[in-house]
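**Student:** Next input, structure requested:
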Amino acid sequence: MNPRTKSQDIRDLSQNDIRELVAELGQPAFRAKQLIEWVFEKNVCSFDDMTNLPKAFREQLKEAFAFDTPTELTKQVSKDGSRKYLLEYHDGVSVETVGMPRRNKLSVCVSTQAGCGMGCAFCATGLNGLKRSLTAQEIVDQVLHVSNDFGERATSVVFMGQGEPFANYDEVLKALRILNDPDGIGIGARHLTVSTSGVIPGIRKFADIPEQFTLAVSLHSAIQSTRNKLMPGVKKYTLFRLHEALQLYTEKTGRRPTYEYAMIEGVNDTNPEMQALCDFCEGTLCHVNLIQLNDIEGSPLKPSPIHKVEDLQRRLESRGIETTIRNSRGNDIDAACGQLKQRFKVQKNA
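**Tutor:** The predicted model follows:
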(Lines give C-alpha, C1' and ligand atoms only; values in the text may rest on other atoms or scores of the structure.)
Protein backbone atom coordinates (compact mmCIF):
# COMPACT_ATOMS: atom_id res chain seq x y z
CA MET A 1 0.00 0.00 0.00
CA ASN A 2 1.37 3.43 -0.90
CA PRO A 3 2.07 5.72 2.05
CA ARG A 4 -0.30 8.65 2.37
CA THR A 5 1.02 12.17 1.86
CA LYS A 6 1.77 13.82 5.19
CA SER A 7 0.57 17.38 5.72
CA GLN A 8 1.64 19.39 8.76
CA ASP A 9 -0.53 18.32 11.67
CA ILE A 10 -1.96 21.34 13.46
CA ARG A 11 -1.56 19.44 16.73
CA ASP A 12 2.22 19.71 16.29
CA LEU A 13 1.92 23.45 16.96
CA SER A 14 2.25 24.87 20.44
CA GLN A 15 -0.43 27.11 21.89
CA ASN A 16 1.83 30.13 21.27
CA ASP A 17 2.28 29.00 17.66
CA ILE A 18 -1.51 28.95 17.28
CA ARG A 19 -1.84 32.46 18.70
CA GLU A 20 0.75 33.72 16.22
CA LEU A 21 -0.98 31.86 13.37
CA VAL A 22 -4.36 33.40 14.18
CA ALA A 23 -2.82 36.88 14.20
CA GLU A 24 -1.08 36.23 10.86
CA LEU A 25 -4.41 35.17 9.33
CA GLY A 26 -6.02 38.43 10.45
CA GLN A 27 -8.39 36.84 12.94
CA PRO A 28 -9.29 38.40 16.30
CA ALA A 29 -7.37 37.13 19.33
CA PHE A 30 -10.34 35.28 20.83
CA ARG A 31 -10.29 32.92 17.82
CA ALA A 32 -6.96 31.58 19.10
CA LYS A 33 -8.60 30.60 22.39
CA GLN A 34 -11.40 28.84 20.49
CA LEU A 35 -8.96 27.00 18.23
CA ILE A 36 -6.80 25.93 21.18
CA GLU A 37 -9.89 24.55 22.94
CA TRP A 38 -10.85 22.48 19.88
CA VAL A 39 -7.35 21.13 19.32
CA PHE A 40 -6.07 20.54 22.85
CA GLU A 41 -9.16 20.22 25.06
CA LYS A 42 -11.97 18.84 22.91
CA ASN A 43 -9.53 16.76 20.83
CA VAL A 44 -11.50 16.99 17.59
CA CYS A 45 -9.95 15.50 14.46
CA SER A 46 -11.60 17.67 11.82
CA PHE A 47 -11.77 21.40 11.16
CA ASP A 48 -15.44 20.92 10.18
CA ASP A 49 -16.20 20.02 13.80
CA MET A 50 -15.03 23.46 14.98
CA THR A 51 -18.54 24.82 14.72
CA ASN A 52 -17.96 28.21 16.37
CA LEU A 53 -15.24 29.17 13.88
CA PRO A 54 -16.26 31.03 10.70
CA LYS A 55 -16.33 28.84 7.60
CA ALA A 56 -13.80 31.03 5.80
CA PHE A 57 -11.36 30.68 8.71
CA ARG A 58 -11.83 26.91 8.73
CA GLU A 59 -11.05 26.82 4.99
CA GLN A 60 -7.84 28.78 5.61
CA LEU A 61 -6.81 26.25 8.23
CA LYS A 62 -7.61 23.32 5.92
CA GLU A 63 -5.34 24.75 3.22
CA ALA A 64 -2.35 24.97 5.54
CA PHE A 65 -2.83 22.13 8.03
CA ALA A 66 -4.36 18.73 8.54
CA PHE A 67 -5.25 16.27 11.25
CA ASP A 68 -2.94 13.46 10.27
CA THR A 69 -5.01 10.79 11.98
CA PRO A 70 -4.57 7.09 11.18
CA THR A 71 -6.70 5.26 8.64
CA GLU A 72 -8.62 2.19 9.74
CA LEU A 73 -7.57 -0.72 7.51
CA THR A 74 -9.77 -3.32 9.14
CA LYS A 75 -11.74 -4.01 12.30
CA GLN A 76 -12.90 -7.13 14.10
CA VAL A 77 -15.79 -7.18 16.59
CA SER A 78 -16.00 -9.83 19.30
CA LYS A 79 -19.17 -11.29 20.74
CA ASP A 80 -18.06 -9.85 24.11
CA GLY A 81 -18.15 -6.34 22.63
CA SER A 82 -14.39 -5.88 22.22
CA ARG A 83 -13.21 -4.32 18.96
CA LYS A 84 -9.75 -4.76 17.48
CA TYR A 85 -8.47 -2.31 14.87
CA LEU A 86 -5.60 -2.26 12.42
CA LEU A 87 -4.66 1.41 11.92
CA GLU A 88 -2.30 2.80 9.28
CA TYR A 89 -0.24 5.98 9.68
CA HIS A 90 0.91 8.47 7.02
CA ASP A 91 4.06 6.51 6.11
CA GLY A 92 2.31 3.17 5.59
CA VAL A 93 3.22 1.52 8.91
CA SER A 94 0.33 -0.04 10.79
CA VAL A 95 -0.43 -0.97 14.39
CA GLU A 96 -3.15 -2.72 16.32
CA THR A 97 -5.29 -1.23 19.05
CA VAL A 98 -8.20 -2.66 21.03
CA GLY A 99 -11.31 -1.21 22.66
CA MET A 100 -12.80 -3.16 25.56
CA PRO A 101 -16.16 -1.98 26.92
CA ARG A 102 -17.35 -3.11 30.34
CA ARG A 103 -20.14 -1.77 32.57
CA ASN A 104 -20.26 1.79 31.21
CA LYS A 105 -16.48 1.96 31.02
CA LEU A 106 -14.19 1.81 28.01
CA SER A 107 -10.62 0.56 28.23
CA VAL A 108 -8.24 1.01 25.30
CA CYS A 109 -5.10 -1.04 24.68
CA VAL A 110 -2.60 0.95 22.61
CA SER A 111 0.60 0.13 20.74
CA THR A 112 3.74 2.20 21.28
CA GLN A 113 5.78 0.94 18.34
CA ALA A 114 5.07 -0.39 14.86
CA GLY A 115 6.40 -3.89 15.30
CA CYS A 116 8.72 -4.86 18.12
CA GLY A 117 12.39 -5.68 18.54
CA MET A 118 12.14 -7.73 21.75
CA GLY A 119 11.59 -11.10 20.03
CA CYS A 120 9.36 -12.72 22.67
CA ALA A 121 8.70 -16.33 21.73
CA PHE A 122 4.96 -16.20 22.41
CA CYS A 123 4.17 -12.94 20.59
CA ALA A 124 3.15 -12.54 16.94
CA THR A 125 4.18 -8.87 16.82
CA GLY A 126 7.90 -9.51 16.57
CA LEU A 127 7.66 -11.80 13.53
CA ASN A 128 8.50 -8.92 11.20
CA GLY A 129 10.77 -7.00 13.58
CA LEU A 130 10.61 -3.35 14.57
CA LYS A 131 9.57 -0.80 11.93
CA ARG A 132 9.71 2.38 14.04
CA SER A 133 8.56 3.94 17.29
CA LEU A 134 5.36 5.98 17.39
CA THR A 135 5.07 9.63 18.34
CA ALA A 136 3.05 10.65 21.38
CA GLN A 137 0.28 11.98 19.12
CA GLU A 138 0.16 8.72 17.16
CA ILE A 139 -0.32 6.85 20.43
CA VAL A 140 -3.03 9.25 21.60
CA ASP A 141 -4.75 9.02 18.20
CA GLN A 142 -5.37 5.32 18.84
CA VAL A 143 -7.37 6.26 21.94
CA LEU A 144 -9.29 8.94 20.05
CA HIS A 145 -10.07 6.52 17.20
CA VAL A 146 -11.51 3.93 19.58
CA SER A 147 -13.46 6.56 21.53
CA ASN A 148 -14.97 7.95 18.34
CA ASP A 149 -15.89 4.47 17.10
CA PHE A 150 -17.63 3.58 20.36
CA GLY A 151 -19.11 7.05 20.73
CA GLU A 152 -17.93 7.30 24.31
CA ARG A 153 -15.02 8.56 26.36
CA ALA A 154 -12.16 6.21 27.20
CA THR A 155 -11.92 5.72 30.97
CA SER A 156 -8.62 3.80 31.07
CA VAL A 157 -5.70 3.09 28.76
CA VAL A 158 -3.20 0.25 28.91
CA PHE A 159 0.09 0.51 27.01
CA MET A 160 0.17 -3.24 26.38
CA GLY A 161 -0.13 -3.48 22.61
CA GLN A 162 2.64 -3.81 20.07
CA GLY A 163 6.13 -2.64 21.01
CA GLU A 164 8.15 -2.12 24.19
CA PRO A 165 7.00 1.16 25.79
CA PHE A 166 10.30 1.83 27.56
CA ALA A 167 12.16 1.50 24.25
CA ASN A 168 10.16 4.63 23.32
CA TYR A 169 10.22 6.20 26.78
CA ASP A 170 10.04 9.93 26.00
CA GLU A 171 7.11 9.70 23.57
CA VAL A 172 5.26 7.27 25.86
CA LEU A 173 5.61 9.64 28.81
CA LYS A 174 4.44 12.54 26.64
CA ALA A 175 1.39 10.49 25.55
CA LEU A 176 0.60 9.60 29.18
CA ARG A 177 0.64 13.28 30.11
CA ILE A 178 -1.60 14.23 27.17
CA LEU A 179 -4.10 11.54 28.19
CA ASN A 180 -3.91 12.59 31.85
CA ASP A 181 -4.22 16.35 31.26
CA PRO A 182 -7.39 17.52 33.09
CA ASP A 183 -7.89 20.23 30.46
CA GLY A 184 -7.77 17.63 27.69
CA ILE A 185 -8.72 13.94 27.70
CA GLY A 186 -8.59 13.84 31.49
CA ILE A 187 -8.02 10.16 32.29
CA GLY A 188 -6.87 9.65 35.88
CA ALA A 189 -3.19 8.71 36.31
CA ARG A 190 -4.00 5.46 38.07
CA HIS A 191 -6.12 4.43 35.08
CA LEU A 192 -3.11 4.75 32.75
CA THR A 193 -0.95 1.61 32.80
CA VAL A 194 2.39 1.00 31.09
CA SER A 195 3.51 -2.61 30.58
CA THR A 196 7.22 -3.28 30.10
CA SER A 197 9.01 -6.53 29.40
CA GLY A 198 11.46 -5.53 32.13
CA VAL A 199 13.62 -2.72 30.72
CA ILE A 200 15.30 -1.68 33.95
CA PRO A 201 16.50 1.84 32.97
CA GLY A 202 12.89 2.67 32.05
CA ILE A 203 11.57 1.33 35.36
CA ARG A 204 14.09 3.46 37.26
CA LYS A 205 13.10 6.60 35.33
CA PHE A 206 9.41 5.80 35.75
CA ALA A 207 9.95 5.69 39.53
CA ASP A 208 11.12 9.32 39.50
CA ILE A 209 8.15 10.96 37.77
CA PRO A 210 5.56 12.74 39.94
CA GLU A 211 2.42 11.26 38.36
CA GLN A 212 0.85 8.10 39.79
CA PHE A 213 0.76 6.13 36.56
CA THR A 214 0.53 2.36 36.97
CA LEU A 215 3.40 0.00 36.13
CA ALA A 216 2.98 -3.56 34.84
CA VAL A 217 5.84 -5.96 34.13
CA SER A 218 5.62 -8.89 31.73
CA LEU A 219 7.34 -11.50 33.87
CA HIS A 220 6.24 -14.88 32.45
CA SER A 221 8.91 -16.79 34.38
CA ALA A 222 10.93 -16.32 37.56
CA ILE A 223 13.56 -18.80 36.43
CA GLN A 224 16.31 -17.08 34.46
CA SER A 225 16.91 -19.81 31.86
CA THR A 226 13.20 -20.06 31.03
CA ARG A 227 12.76 -16.30 30.85
CA ASN A 228 15.78 -15.99 28.55
CA LYS A 229 14.14 -18.39 26.09
CA LEU A 230 10.74 -16.76 26.28
CA MET A 231 11.98 -13.13 26.31
CA PRO A 232 15.45 -12.91 24.68
CA GLY A 233 15.18 -9.14 24.25
CA VAL A 234 15.56 -8.56 28.00
CA LYS A 235 18.14 -11.29 28.66
CA LYS A 236 20.67 -8.66 29.78
CA TYR A 237 18.26 -7.45 32.49
CA THR A 238 18.55 -10.35 34.91
CA LEU A 239 15.78 -11.32 37.32
CA PHE A 240 18.00 -10.36 40.25
CA ARG A 241 18.48 -6.83 38.87
CA LEU A 242 14.81 -6.63 37.91
CA HIS A 243 13.78 -7.56 41.46
CA GLU A 244 16.07 -4.81 42.80
CA ALA A 245 14.65 -2.21 40.39
CA LEU A 246 11.08 -3.11 41.33
CA GLN A 247 11.87 -2.86 45.02
CA LEU A 248 13.34 0.59 44.38
CA TYR A 249 10.21 1.50 42.40
CA THR A 250 7.86 0.54 45.25
CA GLU A 251 10.01 2.30 47.86
CA LYS A 252 10.07 5.54 45.86
CA THR A 253 6.45 5.57 44.74
CA GLY A 254 4.53 3.47 47.25
CA ARG A 255 2.73 2.01 44.25
CA ARG A 256 2.06 -1.65 43.58
CA PRO A 257 3.41 -3.00 40.27
CA THR A 258 1.49 -5.72 38.46
CA TYR A 259 3.26 -8.81 37.15
CA GLU A 260 1.80 -10.29 33.99
CA TYR A 261 2.26 -14.06 33.79
CA ALA A 262 1.01 -15.76 30.61
CA MET A 263 0.80 -19.45 31.43
CA ILE A 264 2.25 -21.77 28.80
CA GLU A 265 1.67 -25.50 28.98
CA GLY A 266 4.80 -27.41 29.96
CA VAL A 267 6.97 -24.29 29.97
CA ASN A 268 6.19 -22.04 32.94
CA ASP A 269 3.38 -23.99 34.65
CA THR A 270 5.52 -26.73 36.24
CA ASN A 271 6.03 -27.09 39.99
CA PRO A 272 9.53 -25.52 39.93
CA GLU A 273 8.23 -22.57 37.89
CA MET A 274 5.32 -22.01 40.25
CA GLN A 275 7.61 -22.20 43.26
CA ALA A 276 10.03 -19.71 41.72
CA LEU A 277 7.24 -17.23 41.02
CA CYS A 278 5.99 -17.46 44.60
CA ASP A 279 9.53 -16.90 45.90
CA PHE A 280 10.07 -13.91 43.56
CA CYS A 281 6.88 -12.21 44.77
CA GLU A 282 6.70 -13.09 48.45
CA GLY A 283 7.29 -10.22 50.82
CA THR A 284 7.03 -7.58 48.10
CA LEU A 285 4.35 -5.10 47.14
CA CYS A 286 2.90 -6.53 43.93
CA HIS A 287 -0.17 -7.94 42.21
CA VAL A 288 0.03 -10.95 39.88
CA ASN A 289 -2.18 -11.29 36.80
CA LEU A 290 -2.37 -14.87 35.57
CA ILE A 291 -3.38 -15.26 31.93
CA GLN A 292 -3.89 -18.30 29.76
CA LEU A 293 -1.62 -17.77 26.77
CA ASN A 294 -3.37 -16.71 23.58
CA ASP A 295 -3.33 -19.65 21.20
CA ILE A 296 -1.45 -18.33 18.14
CA GLU A 297 -1.93 -20.32 14.94
CA GLY A 298 1.28 -22.16 14.02
CA SER A 299 2.97 -21.60 17.38
CA PRO A 300 4.25 -24.63 19.32
CA LEU A 301 3.40 -22.82 22.57
CA LYS A 302 -0.04 -23.65 23.94
CA PRO A 303 -2.06 -22.25 26.86
CA SER A 304 -1.97 -24.02 30.20
CA PRO A 305 -5.18 -25.80 31.25
CA ILE A 306 -7.32 -23.72 33.58
CA HIS A 307 -6.79 -26.10 36.53
CA LYS A 308 -3.07 -25.23 36.51
CA VAL A 309 -3.86 -21.52 36.40
CA GLU A 310 -6.17 -21.93 39.39
CA ASP A 311 -3.55 -24.01 41.22
CA LEU A 312 -0.96 -21.25 40.81
CA GLN A 313 -3.46 -18.67 42.05
CA ARG A 314 -4.04 -20.74 45.22
CA ARG A 315 -0.30 -21.09 45.79
CA LEU A 316 0.34 -17.38 45.42
CA GLU A 317 -2.56 -16.37 47.64
CA SER A 318 -1.44 -18.84 50.33
CA ARG A 319 1.83 -16.85 50.44
CA GLY A 320 -0.05 -13.54 50.84
CA ILE A 321 0.39 -12.43 47.22
CA GLU A 322 -2.57 -10.66 45.58
CA THR A 323 -3.48 -12.60 42.45
CA THR A 324 -6.11 -12.35 39.72
CA ILE A 325 -6.92 -14.70 36.87
CA ARG A 326 -7.41 -12.34 33.97
CA ASN A 327 -10.10 -13.36 31.54
CA SER A 328 -8.98 -12.92 27.95
CA ARG A 329 -11.18 -10.65 25.87
CA GLY A 330 -11.88 -11.23 22.19
CA ASN A 331 -11.18 -14.96 22.10
CA ASP A 332 -13.31 -15.28 18.96
CA ILE A 333 -11.21 -12.71 17.05
CA ASP A 334 -7.45 -12.25 16.53
CA ALA A 335 -6.86 -11.38 20.18
CA ALA A 336 -3.09 -11.73 20.52
CA CYS A 337 -0.80 -8.83 19.59
CA GLY A 338 0.18 -9.06 15.94
CA GLN A 339 -2.43 -11.62 14.87
CA LEU A 340 -4.76 -9.20 13.12
CA LYS A 341 -1.89 -7.57 11.25
CA GLN A 342 -0.59 -10.97 10.09
CA ARG A 343 -4.05 -12.06 8.94
CA PHE A 344 -4.66 -8.79 7.08
CA LYS A 345 -1.32 -9.15 5.27
CA VAL A 346 -2.18 -12.72 4.20
CA GLN A 347 -5.63 -11.71 2.96
CA LYS A 348 -4.23 -8.70 1.10
CA ASN A 349 -1.63 -10.80 -0.70
CA ALA A 350 -3.99 -13.69 -1.46
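**Student:** Give me the phi and psi for the residue lying farthest from the centre of the chain.
**Tutor:** Residue farthest from the centre of the chain, counting by C-alpha atoms, centre = their mean, is Gly26 at 41.1 Å. Reported as degrees, to the nearest 10, the phi and psi values for Gly26 are phi 80, psi 20.
**Student:** Just the pLDDT at it, thanks.
**Tutor:** Reading off the per-residue confidence, Gly26 sits at a pLDDT of 94.
**Student:** quick one: low-confidence ranges for the stretch 201-350 of the chain?
**Tutor:** 328-350 (pLDDT under 70).
**Student:** Could I get the full set of helices for it?
**Tutor:** Along the stretch 201-350 of the chain, counting by DSSP state H, counting those that start in this stretch, helices occupy 224-230, 239-253, 271-281, 306-318, 339-349.
**Student:** which residues are in contact with the third one?
**Tutor:** Contacts of helix 271-281 with the rest of the structure, by C-beta atoms under 8 Å, 6 or more residues apart in numbering, involve 219, 221-223, 226, 239, 243, 259, 261, 267, 288, 311-312, 315-316, 319, 321. For every residue, glycine as well, the C-beta is placed using N, CA and C.
**Student:** Would you quantify the distance from Ser218 to Thr258?
**Tutor:** Distance of Ser218 to Thr258, given as C-beta to C-beta, to the nearest Å: 10 Å.
**Student:** oh, I was asking about Glu152
**Tutor:** Going from Glu152 to Thr258 by C-beta to C-beta gives 25 Å.
**Student:** what's the answer for Gly115, then?
**Tutor:** Shown here: Gly115 relative to Thr258, a distance of 25 Å by C-beta to C-beta.
**Student:** repeat for Ile139
**Tutor:** Applying C-beta to C-beta, one obtains 20 Å for the distance of Ile139 from Thr258.
**Student:** Also Ala32?
**Tutor:** 42 Å.
**Student:** What of Glu96?
**Tutor:** With distances taken as C-beta to C-beta, Glu96 is found 21 Å from Thr258.
**Student:** Tell me which of the two has more neighbours.
**Tutor:** Neighbour tally, Glu96 and Thr258, criterion other C-beta atoms under 10 Å: the higher count belongs to Glu96, 27 against 20.
**Student:** Thought Glu88 was touching that one, still the case?
**Tutor:** No - with the criterion set as C-beta atoms under 8 Å, Glu96 and Glu88 do not qualify as a contacting pair; they are 11.0 Å apart.
**Student:** Excluding covalently adjacent residues, which one is nearest to Gly188?
**Tutor:** Across the structure, with C-beta to C-beta, 6 or more residues apart in numbering as the measure, the residue nearest Gly188 apart from its sequence neighbours is Asn180 (7.3 Å).
**Student:** what's the neighbour count on the one you found?
**Tutor:** Asn180 has 20 nearby residues by other C-beta under 10 Å.
**Student:** so how far is Ala189 from it?
**Tutor:** Taking C-beta to C-beta, one finds Asn180 at 5 Å from Ala189.
**Student:** what do those two both touch?
**Tutor:** Common neighbours of Asn180 and Ala189 are listed as Glu211, Phe213 (criterion: C-beta under 8 Å, 6+ apart).
**Student:** Which of the three states applies to the residue nearest to Met50 when sequence neighbours are not counted?
**Tutor:** The spatial neighbour of Met50 that comes closest, neighbours along the chain excluded (C-beta to C-beta, 6+ apart), is Trp38 at 4.6 Å. Here Trp38 is recorded as helix under DSSP: H, G, I helix; E, B strand; the rest coil.
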